[in-house]
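Participant: sequence plus predicted model, see below.
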Amino acid sequence: MKFDAVSRLVQTPPMNSQLLDLFRAAVNAADPLHCLPPHLDLDPSRPVWVFGAGKAAGRMAQVFEQQYAGAYQGLVVGPADQNPGLKCISYHAGTHPIPSQASCDAGNALLRELARVQPQDQVIFLLSGGASSLIATPPDRVALSELQNITQSMLNGGANIAELNAVRRCISKVAGGRLAQACAAPITTLAISDVTGDVPADIGSGPTVSNPTSNAQVQGLLDRFQIQPSAALREFLADPSLQSRQADGDFRLIATPEQSLSIAQQQAEQAGLNVLNLGAFIEGDANETAKVLAGITRQIHQYNRPVSRPALILSGGETSVRVTGRGRGGRNVQFLMSLAESLNGLSGVSAMACDTDGVDGADPIAGGAIDATSLSRADQLGYPVRRAIEDNDGHGWFAALGDAVVTGPTQTNVNDFRAILVQ
């Protein structure tokens, strides 16, 4: 698996190998090789179609081809930097997090292939996070550039994933159940969740499940983020006949953020750490979340409560960042910089925060690591953390320190992994 690249990282002090091992365990728990095969209960006497979209789609299709002995055909869409080398399933590339013409072409290709399915056929859809952008296909009357601007504005404005996907699944020809509606046979969706609460409609903007969001709610979100829709988009959102309809089918979660955190917790406890697992529901502003977790860290460090040292604080979910600077970054490195600032060199504490897909923000950097020396080393380099926080330059700051975590594409995606070690 591509994630093995993490073991070849140059281990520059103070990157904590124990935290790196825990991150590896969390990612490997969501490897399709482990979680997909138990769900391939297909009837070999009936035609099989395999479709899919997301950052794990290539790996999922690869595992399907390794495990399934019958005949099949299909098409999956994933990132351009992956080459799964598929035999009978076509692979198309889209872009993430901002959709492109390649994303539209991929979404339309899926629709064309789905149109070939017959009612008696068996259809598998391999879904994972990232599908929202990778197959983003706006309605004919809405320009791609408008969808791109909406996505960028909401990301920069601090929208959480549920808010962003609520908009994306309504302004689409494929999301919000529309892919399922284009298929003559029922679809069995095998999903790797990257969203808080594992809400099916939020995973990849729900191409195969019913859409719970009304167009009026979308308009309300656009208003809240001060996005002025075009006349074409206003007309689209005002037309009740264009609301997503119900989508039927079998939806199965095969890997979740909670499962990956549990695996990391088990490994940490076996190593003698007392684990405080805050779960996979952590949301909110990255800077503010860091301050809260810094407070919990200090409580453990000084009073051995709510768990005693040596302790590990685990959390998942997805924070958000309001972008006001011009730097390069993502929510995990923004969180870590604010955590380092709040801890102010607290001895015996190290932390790691990474996106399990290997990409934090838009750069191929999974995240980073800090310890008690991070602030002083940054000061010595002439790049104090406060300046980097204000400029949203987490990737630049961690690159300067030599403490960025670079894994390459992990080919799975179960949201963020955050671990704070208190010794």
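Facilitator: Structure received.
Participant: alpha carbons only for contacts and neighbour counts from here, please
Facilitator: Fine.
Participant: and the end-to-end length of stretch 163-177?
Facilitator: 17 Å (Cα to Cα, to the nearest Å).
Participant: cool, and stretch 209-226?
Facilitator: 29 Å.
Participant: what's it in contact with?
Facilitator: Outside stretch 209-226, the residues that touch it by Cα atoms under 8 Å, 6 or more residues apart in numbering are 153-154, 157, 163, 166-167, 169-170, 176-177, 180, 200-201, 228-229, 237-238, 243-249, 251.
Participant: go through the residues you listed and flag which are in helices.
Facilitator: 153-154, 163, 166-167, 169-170, 180, 237-238 (DSSP state H).
Participant: the residues you listed: which two are farthest apart?
Facilitator: For these, the farthest-apart pair by Cα to Cα is 153 and 180; their separation is 28.9 Å.
Participant: with neighbour numbers in mind, choose between those two.
Facilitator: Legend: neighbour count by other Cα atoms under 10 Å for residue 153 and residue 180, higher for residue 180 (28 against 17).
Participant: where do the strands of the stretch 151-300 of the chain begin and end?
Facilitator: 187-192, 249-255, 274-277, 282-285 (DSSP state E, counting those that start in this stretch).
Participant: ignore what I typed, I meant the stretch 301-423 of the chain.
Facilitator: Using DSSP E, counting those that start in this stretch, strands in the stretch 301-423 of the chain cover 311-315, 317-320, 349-355, 367-370, 404-405, 416-422.
Participant: ok, which of the ones you listed comes nearest residue 132?
Facilitator: Nearest to residue 132, of the strands of the stretch 301-423 of the chain and by Cα to Cα, is strand 317-320 at 16.0 Å.
Participant: buried residues in stretch 386-395?
Facilitator: 388-389, 391-395 (16 or more other Cα atoms under 10 Å).
Participant: distance to residue 94 and pLDDT for those - can I get that in JSON lines?
Facilitator: Putting those into JSON lines (distance: Cα to Cα, whole Å; pLDDT from 0 to 100) gives the following:
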{"residue": "388", "distance to residue 94": "31", "pLDDT": "98"}
{"residue": "389", "distance to residue 94": "31", "pLDDT": "98"}
{"residue": "391", "distance to residue 94": "29", "pLDDT": "98"}
{"residue": "392", "distance to residue 94": "26", "pLDDT": "98"}
{"residue": "393", "distance to residue 94": "26", "pLDDT": "98"}
{"residue": "394", "distance to residue 94": "26", "pLDDT": "98"}
{"residue": "395", "distance to residue 94": "24", "pLDDT": "97"}
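Participant: from those residues, pick the one nearest residue 406.
Facilitator: For the buried residues of stretch 386-395, the nearest to residue 406 is residue 395 (10.7 Å; Cα to Cα).
Participant: domain assignment for this protein?
Facilitator: 2-29+257-422, 33-255 (automatic domain parsing).
Participant: first-to-last residue distance for the last one?
Facilitator: For domain 33-255, the separation between the terminal residues is 11 Å (Cα to Cα).
Participant: are any of the contacts of stretch 209-226 buried, and if so which?
Facilitator: 153-154, 157, 163, 166-167, 169-170, 176-177, 180, 200-201, 229, 237, 243-245, 247-248, 251.
Participant: pLDDT score for residue 351?
Facilitator: Note on residue 351: pLDDT of 98.
Participant: which residues sit in contact with it?
Facilitator: Per Cα under 8 Å, 6+ apart, neighbours of residue 351: 19, 336, 369-371, 418-421.
Participant: go on, residue 258?
Facilitator: When contacts are taken as Cα under 8 Å, 6+ apart, residue 258 is in contact with 279-280, 316.
Participant: sorry, back to before: got TSV for the strands of the stretch 151-300 of the chain, with distance to residue 125 and mean pLDDT too?
Facilitator: As requested, those are exported to TSV (distance: least, Cα to Cα, whole Å; pLDDT from 0 to 100):
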stretch	distance to residue 125	mean pLDDT
strand 187-192	5	98
strand 249-255	9	96
strand 274-277	32	98
strand 282-285	28	95
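Participant: which one of those strands is the most hemmed in?
Facilitator: Across these, averaging neighbours per residue (mean count of other Cα atoms under 10 Å) puts strand 187-192 on top, at a mean of 26.
Participant: give me the number of residues near residue 119?
Facilitator: Residues within reach of residue 119, counting by other Cα under 10 Å, total 11.
Participant: what about it, helix or strand, and which?
Facilitator: For residue 119, there is no host helix or strand (DSSP states H and E).
Participant: for it, which non-adjacent residue is spatially closest?
Facilitator: residue 185 (4.4 Å; Cα to Cα, 6 or more residues apart in numbering).
Participant: the closest residue to residue 72 other than its chain neighbours and residue 274: what is the separation?
Facilitator: In this structure, residue 72 finds its nearest non-sequential neighbour in residue 48, 4.8 Å apart by Cα to Cα, 6+ apart. Distance, residue 48 to residue 274, using Cα to Cα: 47 Å.
Participant: ditto for residue 80
Facilitator: 41 Å.
Participant: cool, and residue 360?
Facilitator: In terms of Cα to Cα, residue 360 sits 28 Å off from residue 274.
Participant: same deal with residue 130?
Facilitator: Distance from residue 130 to residue 274, by Cα to Cα: 34 Å.
Participant: equivalent analysis for residue 377, please.
Facilitator: For residue 377, the distance to residue 274 - Cα to Cα - is 29 Å.
Participant: do residue 394 as well
Facilitator: Taken as Cα to Cα, the span from residue 394 to residue 274 is 29 Å.
Participant: likewise for residue 36?
Facilitator: 31 Å.
Participant: list the contacts for residue 76?
Facilitator: Here residue 76 is in contact with 50-53, 57-58, 61, 89-92, 110, 126 (Cα under 8 Å, 6+ apart).
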